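>>> sequence and predicted structure below; questions after.
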Amino acid sequence: MRIAIIAPSAMPARRANTIQTAKMAQAFARLGHEVLLIAPSLPSPLRGEGKGGGEILTSPPPQFSPARGGEGQPSPLRGEGKGGGEFLTSPPPQSSPVRGEEEWEGKGGGEILTSPPPQSSPARGEGKGGGEGWQSFAHHYGLSTPFEIAWLTSNPSLKRYDFALRAVLNARAWHADLIYTRLPQAAALSSLIGMKTIFEMHDLPQGKAKELGRIFLAGKGACRLVVISQALAGALIPIYPQLKTSSGHGEGHPFLIVAPDGVDLERFSPWLTTAQARQKLKEQGCSLTDQFIAGYTGHLYPGRGIELIQQLALRFPEVLFLLIGGEDPDLENLQTSLSRQQIQNIRLGGFIPNAILPLYQMACDVLLMPYQEHVAGSSGGDIANFLSPLKLFEYLASGRPILASDLQVFREILNEENSILLPPKDLEAWQSALVRLIEAPQKCLSLGQSARLTAELYTWEERARKLLPFPPS
């Protein structure tokens, strides 16, 4: 099957939705489908924004740098032993997102390049991931299976409508059997013109997105709506009552599908002990101490429980709290907070490419997920009731004990056998749980083993299979 995946935001980027999009593209490719990922390009002054471009760039950008220090390798710990929020790595320098824009200028807006320029693209079977651009892209997202990628320019003032139109038209010109997207503008248009479309939602639609959802559902091409949690599925019924009776494409195939996010188990294989993971990081230039490490990976947006982690750090001076991820402004604000409170046992790692993130997670003795009752997403909305964070499945795959907030949506995946679930705001409960894990290594091992078994149920490939039970036309 030829599957065109239309990304919801510019790539490469650090947003979770771009990671999930890249992982699903790889999953479909691994199942033997032909995949074309169509993404908005990052803004570039050389691109002539506003000129009405829209050329497809089938080679990823070699200038894109996933982490300072070359090829995304972890940097040595700065100021070893200084504490107080020292960065493990620096965020990547600003760079041009496209390969040789000058050579593409003047080729005409909307030109379709369904086969890549020589020696430049990770396209089907050519080079098997060779090419500097693909290697950087793959390292950023932790990919190993190549697929074709096309970048389209987009005018920010048009709110992705121009991108959606060009992406759908290019998917049709590519003779796609199916469009898979999280972008409501693209889902509505492709369904309206009769192209088979799978639309994925991660939150309740707001404003114009509600109407776009209705257009998608009314179109002849709508064949499946995917949501990431049972809670979200239930909340959509009052908005779209037709979901109660909708059937999928083909008899016996449901239209509304609940599919939590997933994980690449191969990136956590072979499974490593904490000592082995720390040794591998040391070999790559990043040294961690031998003390007990409590880790957190992901963004530092409000509602992720970073304040609770700071309070725990004050109560456990003997524990190193390792925080990986976060955008520059959030990291700077957190570092200021750590200095003000004189917290010496929190280390900030900044952005780490997805390809090597498992090493950091497996280097921890316990992994923390202290989400609060209100959680800000990348767009600022509250996603607490419906979220399915990527870190949850990575934590499970790492085989480490998980301390997580006892949110109802987490209980769709977590239970008392594969994690310890705690009241989000109860610092005493979190302190008590951490003490139990520090004092009971066997409990850590038992929770970790159960977590790993749970992760095996949530691979990206199994998720992709679940979404594609129907044959192409």
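Here it is on my side, so go on. Residues are numbered from 1 along each chain as shown.

>>> ok, Ala313 to Ser405 distance?
Going from Ala313 to Ser405 by Cβ to Cβ, to the nearest Å gives 18 Å. The way it works is simple: take the backbone N, C-alpha and C, and place the C-beta from them, glycine included.

>>> may I see the buried residues of stretch 163-178?
163-171, 174, 176-178 (16 or more other Cβ atoms under 10 Å).

>>> make a markdown table from those residues and add pLDDT to it.
As requested, the buried residues of stretch 163-178 are arranged in a markdown table below (pLDDT from 0 to 100):
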| residue | pLDDT |
| --- | --- |
| Phe163 | 97 |
| Ala164 | 98 |
| Leu165 | 97 |
| Arg166 | 97 |
| Ala167 | 98 |
| Val168 | 98 |
| Leu169 | 97 |
| Asn170 | 97 |
| Ala171 | 98 |
| Trp174 | 98 |
| Ala176 | 98 |
| Asp177 | 97 |
| Leu178 | 97 |
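
>>> between the residues you listed, which is nearest Pro146?
Using Cβ to Cβ, Trp174 comes nearest to Pro146 of these, at 16.7 Å.

>>> am I right that the closest one is in contact with Ile6?
No: using Cβ atoms under 8 Å, Trp174 makes no contact with Ile6, being 11.5 Å away.

>>> poorly predicted segments of this protein, please.
Counting by pLDDT under 70, the chain contains low-confidence ranges at 43-132, 246-253, 377-381, 469-473.

>>> hey, where'd the strands end up in it?
Applying DSSP state E to the chain gives strands spanning 2-6, 34-40, 148-152, 178-181, 197-201, 222-227, 256-258, 293-297, 320-324, 346-350, 366-369, 402-405, 420-422.

>>> so which elements touch the last one?
If I follow you right, that is strand 420-422. Here strand 420-422 touches strand 402-405, helix 427-439, going by 3 or more Cβ pairs under 8 Å, 6 or more residues apart in numbering; DSSP states H and E.

>>> same thing but at 10 Å, please
Contacts defined by 3 or more Cβ pairs under 10 Å, 6 or more residues apart in numbering; DSSP states H and E place strand 420-422 against strand 366-369, strand 402-405, helix 427-439.

>>> rewinding a little: next, format the buried residues of stretch 163-178 as a markdown table and append distance to Ala384.
Formatted as a markdown table, the buried residues of stretch 163-178 follow (distance: Cβ to Cβ, whole Å):
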| residue | distance to Ala384 |
| --- | --- |
| Phe163 | 29 |
| Ala164 | 28 |
| Leu165 | 34 |
| Arg166 | 35 |
| Ala167 | 31 |
| Val168 | 33 |
| Leu169 | 37 |
| Asn170 | 36 |
| Ala171 | 34 |
| Trp174 | 38 |
| Ala176 | 35 |
| Asp177 | 37 |
| Leu178 | 32 |
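
>>> filter the residues you listed down to the ones in helices?
163-171 (DSSP state H).

>>> ok, Asn190 touching Arg172?
Rather than Asn, residue 190 is Ser. Yes: taking contacts as Cβ atoms under 10 Å, Ser190 lies within contact range of Arg172: 8.2 Å.

>>> who touches both of the two?
4, 179 (Cβ atoms under 10 Å, 6 or more residues apart in numbering).

>>> pick the most deeply packed of the strands of the chain.
Stretch with highest mean neighbour count among the strands of the chain: strand 178-181 (a mean of 28; mean count of other Cβ atoms under 10 Å).

>>> elements contacting that one?
By 3+ Cβ pairs under 10 Å, 6+ apart, strand 178-181 packs against strand 2-6, helix 16-30, strand 34-40, helix 161-173, helix 184-192, strand 197-201, strand 222-227, helix 460-467.

>>> need the ones you listed in CSV (columns: distance to Tyr360).
Output for the helices and strands packed on strand 178-181, formatted as CSV (distance: least, Cβ to Cβ, whole Å):
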stretch, distance to Tyr360
strand 2-6, 28
helix 16-30, 15
strand 34-40, 26
helix 161-173, 34
helix 184-192, 34
strand 197-201, 28
strand 222-227, 30
helix 460-467, 20
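
>>> what's the closest of those to Ala150?
Per Cβ to Cβ, nearest to Ala150 of the helices and strands packed on strand 178-181: strand 34-40, 4.9 Å.

>>> partner strands of the closest one and their direction?
strand 2-6 (parallel), strand 148-152 (parallel) (DSSP bridges).

>>> for Pro40, which of the ones you listed is the nearest?
Short answer: strand 148-152, nearest of the strands paired with strand 34-40 by Cβ to Cβ, at 6.3 Å.

>>> now, which of the buried residues of stretch 163-178 sits nearest Arg347?
For those, the nearest to Arg347 is Phe163 (38.8 Å; Cβ to Cβ).

>>> list the contacts for the closest one?
So, once contact is read as Cβ under 10 Å, 6+ apart, Phe163 ends up touching 6-10, 38-41, 54, 152-156, 183, 185-186.

>>> so among these, which ones count as buried?
6-10, 38-41, 54, 152-155, 183, 185-186.

>>> how many neighbours does Gly207 have?
Residues within reach of Gly207, counting by other Cβ atoms under 10 Å, total 7.

>>> cool, the one 10 residues further on as well?
Residues contacting Leu217 under the criterion other Cβ under 10 Å number 18.

>>> one more: the one 4 residues further on?
Counted with other Cβ under 10 Å, the burial measure for Gly221 works out to 22 neighbours.

>>> likewise Gln291?
10.

>>> how close does it sit to Asn345?
Counting by Cβ to Cβ, the gap from Gln291 to Asn345 is 9 Å.
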